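>>> Provided below are the primary sequence and the corresponding predicted coordinates.
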Amino acid sequence: MPRPPVAFIHIPKTAGTTFHTILRKQYGQSSIAAVRAFTPDELEAQMQSLGVADRADPDVEAVSGHMIFGAHRYLDGPLQYLTFVREPVSRVISDYYYVRRTPDHDFYDPVVTENYSLADYVVSGITIYTNNVQTRMISGIGRDVDFGDCTSDMLDRALHNLDEHFAGIGLTERFDESVTLMQRKLGWSLPMYKTRNRTKKRPGRAEIPDATRTLIREHNALDLKLYQYAKERFHRERSKQEEDAFERDLRRLHLVNRIYSPSVKLYISLRKAVNRLLGRDSW
């Protein structure tokens with residue numbers, strides 16, 4: 001029986017680039033449709049242009065990218081959503097320093113040329129990334145609501161979507177445990193990944209002035225509530241796992257990725273050779 005496709009909503013700076021490497025190994029790059037859409041109109045146009053709508057391309061097993069919730073509306077079958085969320089203050093800080101070190105980023109010029117401080121960036125309005133972006137994307141409203149105009153109804157819609165449509169909600173801060181939960185729920189083979197797109201050379205959260213952290217919380221009040229809701233769901237799902245079996249899977253994940261990450265090509269060759277010797281498809 002074919003497995004239902006998945007849709008990964010990649011919220012910026014939540015370890016989504018790293019998670020996408022796991023999706024590639026589970027579904028194959030050719031079976032993943034890349035989508036970038038921050039409004040319902042953009043999402044519809046992307047789904048139509050990629051041949052995903054109405055299963056025009058039956059080989060697509062996953063859609064993945066910086067996209068808002070709603071891809072299931074363009075498919076004629078079930079769709080399992082996945083996402084990662086992150087503590088909002090840490091996410092915004094990471095986003096700011098990522099922009100500053102990425103010359104081809106859309107916001108590099110105003111941030112670096114005009115020497116925006118982190119506080120300047122948060123209130124600038126040049127991007128929704130500093131204003132409840134997690135709630136915006138999971139609610140499906142995205143950029144259709146102006147900067148600073150998010151409402152509690154958006155949060156209610158996002159929480160409803162999490163409950164009704166999401167097979168997996170990971171926490172960036174507990175990445176491996178989150179991946180292990182998804183692996184067990186979706187029947188994946190052992191996930192392997194190399195950490196990607198990590199923001200380097202950024203100050204620790206404690207080095208950010210209190211006033212700036214307060215400003216971030218004010219502009220992401222809905223995301224704070226959404227993150228707390230996701231954390232509570234994570235802990236419920238984690239507590240339901242048979243502890244010994246879960247810890248065994250988690251240790252295997254750690255062990256394999258300590259080998260895999262620094263020597264990807266060598267490890268893949270070794271895995272294939274061992275599988276051939278043992279006469280099986282995967283570990």
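Ah, there it is.
>>> Quick one, grab the pLDDT at Pro198.
Actually, residue 198 is Arg. It isn't Pro. What the model reports as pLDDT for Arg198 is 58.
>>> correction: Thr212
pLDDT, Thr212: 97.
>>> low-scoring stretches of the stretch 151-283 of the chain, by residue?
196-202, 205, 260-274, 278-283 (pLDDT under 70).
>>> And what about Arg3, helix, strand or coil?
Following DSSP: H, G, I helix; E, B strand; the rest coil, the label given to Arg3 is coil.
>>> Please enumerate the helices of this protein.
Listed in chain order, the helices found in the chain under DSSP state H are 16-27, 40-49, 88-100, 108, 118-124, 133-139, 152-165, 175-186, 210-219, 221-239, 243-260, 264-278.
>>> got these as JSON lines, with distance to Val6 columns?
For the C-beta atoms, the positions are set from N, CA and C on the backbone; glycine is no exception. Below are the helices of the chain laid out as JSON lines (distance: least, Cβ to Cβ, whole Å):
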{"stretch": "helix 16-27", "distance to Val6": "8"}
{"stretch": "helix 40-49", "distance to Val6": "15"}
{"stretch": "helix 88-100", "distance to Val6": "22"}
{"stretch": "helix 108", "distance to Val6": "32"}
{"stretch": "helix 118-124", "distance to Val6": "32"}
{"stretch": "helix 133-139", "distance to Val6": "15"}
{"stretch": "helix 152-165", "distance to Val6": "11"}
{"stretch": "helix 175-186", "distance to Val6": "7"}
{"stretch": "helix 210-219", "distance to Val6": "31"}
{"stretch": "helix 221-239", "distance to Val6": "17"}
{"stretch": "helix 243-260", "distance to Val6": "19"}
{"stretch": "helix 264-278", "distance to Val6": "23"}
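>>> Which of those sits closest to Asp76?
helix 40-49 (12.1 Å; Cβ to Cβ).
>>> Any chance you could list what contacts that closest one?
By Cβ atoms under 8 Å, 6 or more residues apart in numbering, the residues outside helix 40-49 that reach it are 35-37, 53, 63, 67-68, 70-71, 74, 140-142, 144.
>>> ok, of those, which come out buried?
The neighbour-count test (16 or more other Cβ atoms under 10 Å) applied to the contacts of helix 40-49 identifies Val35, Ala37, Ala53, Val63, Met67, Ile68, Gly70, Ala71, Tyr74, Gly140, Ile141, Gly142 as buried.
>>> Could you say which of the helices of the chain is packed most deeply?
Compared across the helices of the chain, helix 133-139 shows the largest average neighbour count, a mean of 28 (mean count of other Cβ atoms under 10 Å).
>>> For the residue lying closest to Val122 once chain neighbours are set aside, give me its contacts.
Distance criterion Cβ to Cβ, 6 or more residues apart in numbering; nearest residue to Val122, sequence neighbours excluded, is Thr130 at 4.7 Å. By Cβ under 8 Å, 6+ apart, Thr130 lies in contact with Val92, Asp95, Tyr121, Val122, Val123, Ser124, Ile216, His219, Asn220.
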